[in-house]
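Participant: Predicted model follows, preceded by the sequence.
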Amino acid sequence: MNQSLKPGENTTLSMPKGKVVVTHAAGDNLDVNLTAFLVTETGKVVDDSGMVFFNAPEHASGAATFTAPVTQGGSVSHSISFDLSRLPASITKIAITLTQDGSAAGFAAVRNLCAQVMTGDQVLELTPEPFSQETGIIVLELYVRNGQLKARSVWQGFASGLAALCGLYGIEVEDEPPSAPPVAPTPAPKPVNIAKSVITLDKPGSSHKVSLEKGPSAPKMIRVSATWIDNGDGQDNDDLDLRIGILRPDGRMSIIQAPDKRGAFDADPFVFHTGDVVSASTSAPGIETVEINPAISQRMGGKVALVCSVYSAVGNGAVSVASLKPKMRMEYGDQVVECAFEFKSGFFSSAIYTYVIGLIEIDLDHIELSPSGATSKTGSEATPWLTRKGEKLQLTMDGPHVFKGHPIDNSGKKQYV
């Protein structure tokens, strides 16, 4: 029985035991590696043994086993065998990931990329949209939810390869000195260089600056993602949306959200939403991502500010947005900044539908991020709004209502472009 899963879709597995096979066309200068992360419901590994890859090919529980890639007929196959029945009690998910370190083009150089999950006579087909210069990908997730065995297609890309994936799943990384060249001609697994700078912002008033690099080797993308989980209330009300409000140098505002206002990366407004995700759980968080052109300030002619918020429509039912624990993550080159505001008890109202997770300012030289924690008024569906008073950025929660699939309400004084 064959079934296709689009990114964000999930299905039930017929058996706990099976194999994940990722294939792609062989090519010069490719260095594609498959890694599994075994994580708890918090989304983090218990310790470094939760990472299964070519240098640590089997988890102690037997729940995941790495097999060296095989090249045949112009195609390369990578595989991880799994047995969800052998997961330790503390582990609820196996995340299957890929990295590509062989060329500066990242996964844009990897052709015919696809994945299969095979359990008994069940075969799941997972095919991504084309990638650009991402060097790390979450391909899929295998997890247990309410006693059911599940698989979820993800295909979420990261600009910083294994370092970003390790940071996401709680692996602490350090610089490693280069190894001496092998004396014998027999190939040996190369050491994994996963050095990464990860900054976490969770206090009001905190901020962090990241310098924009210049020249041909500069990162080609700023990637911002929002993640959230199901709060465990047993209701199907965990559909959040990542919404980006863009304050232009001339004071006008634009808005980006999926699926109908996705923007563009190489044309105005130089921000692109990669797609809508409609569900989440504690073991399979929802992730929505936008890609920001690093030249946005130059292209728009001055400093640009972005307000990043998550929103739950009234039609989704009463839910505390804060209870879904939204976080924001920005990646630029080898730098990662996370905004995870420290929630207070007053944030858990089920009538608050919009939560601002972070603010970003971009000029010709740097990116500056800060967490927010601002929320809409009780019962209000107004959107976040940015203005400037001199050089100071001001955030208010009184912008026009914006609904998926409907025109922006520009009937008031404040209007989007």
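Facilitator: Okay, I see it. The model shown is predicted, which means the values in this text are computed figures rather than measured ones.

Participant: All the helices of the chain, residue numbers only.
Facilitator: 161-168, 296-300 (DSSP state H).

Participant: Could you say which one of those helices comes nearest to Thr354?
Facilitator: Among those, helix 296-300 comes nearest to Thr354, with 23.5 Å by C-beta to C-beta. In short, each C-beta sits where N, CA and C put it, glycine included.

Participant: List the buried residues in that closest one.
Facilitator: Ile296, Ser297, Met300 (16 or more other C-beta atoms under 10 Å).

Participant: How about the contacts made by the first one?
Facilitator: For Ile296, the contacting residues are Pro269, Phe270, Val271, Val304, Ile362, taking C-beta atoms under 8 Å, 6 or more residues apart in numbering as the criterion.

Participant: For it, which non-adjacent residue is spatially closest?
Facilitator: Phe270 (4.1 Å; C-beta to C-beta, 6 or more residues apart in numbering).

Participant: That neighbour: neighbour count?
Facilitator: 24 (other C-beta atoms under 10 Å).

Participant: Can you give me every residue that contacts it?
Facilitator: Gly263, Ala264, Ile292, Asn293, Ala295, Ile296, Arg299, Met300 are the contacts of Phe270 under C-beta under 8 Å, 6+ apart.

Participant: roughly how far apart are it and Leu247?
Facilitator: Here the distance between Phe270 and Leu247 works out to 13 Å (C-beta to C-beta, to the nearest Å).

Participant: Same check on Glu338?
Facilitator: 22 Å.

Participant: Relative to Gly390, which of the contacts of Ile296 is nearest.
Facilitator: Out of the contacts of Ile296, the member with the shortest distance to Gly390 (by C-beta to C-beta) is Val304, at 16.5 Å.

Participant: Verify the stated contact: that closest one with Ile244.
Facilitator: No. Counting by C-beta atoms under 8 Å, Val304 stays clear of Ile244, with 11.0 Å between them.

Participant: Spell out the residue ranges of the strands in the stretch 201-350 of the chain.
Facilitator: Remark: strands assigned in the stretch 201-350 of the chain by DSSP state E, counting those that start in this stretch are 208-211, 222-228, 241-247, 253-256, 263-264, 271-273, 286-292, 304-311, 327-332, 335-339.

Participant: can you list these in JSON lines and add mean neighbour count and mean pLDDT?
Facilitator: Output for the strands of the stretch 201-350 of the chain, formatted as JSON lines (neighbours: other C-beta atoms under 10 Å; pLDDT from 0 to 100):
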{"stretch": "strand 208-211", "mean neighbour count": "15", "mean pLDDT": "87"}
{"stretch": "strand 222-228", "mean neighbour count": "25", "mean pLDDT": "81"}
{"stretch": "strand 241-247", "mean neighbour count": "25", "mean pLDDT": "91"}
{"stretch": "strand 253-256", "mean neighbour count": "20", "mean pLDDT": "92"}
{"stretch": "strand 263-264", "mean neighbour count": "18", "mean pLDDT": "92"}
{"stretch": "strand 271-273", "mean neighbour count": "22", "mean pLDDT": "91"}
{"stretch": "strand 286-292", "mean neighbour count": "23", "mean pLDDT": "82"}
{"stretch": "strand 304-311", "mean neighbour count": "24", "mean pLDDT": "90"}
{"stretch": "strand 327-332", "mean neighbour count": "24", "mean pLDDT": "80"}
{"stretch": "strand 335-339", "mean neighbour count": "24", "mean pLDDT": "77"}
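
Participant: and Thr99, which of these is closest to it?
Facilitator: strand 327-332 (13.9 Å).

Participant: Can you list the strands that that closest one pairs with?
Facilitator: Strand 327-332 has its sheet partners listed here by DSSP bridges as strand 222-228 (antiparallel), strand 335-339 (antiparallel).

Participant: Quick check: which ranges of the stretch 1-150 of the chain have low pLDDT?
Facilitator: 103-104 (pLDDT under 70).

Participant: What ranges does it have for its strands?
Facilitator: Using DSSP E, counting those that start in this stretch, strands in the stretch 1-150 of the chain cover 2-5, 10-12, 17-25, 32-39, 51-52, 64-72, 75-83, 93-100, 114-119, 122-126, 136-145, 148-158.
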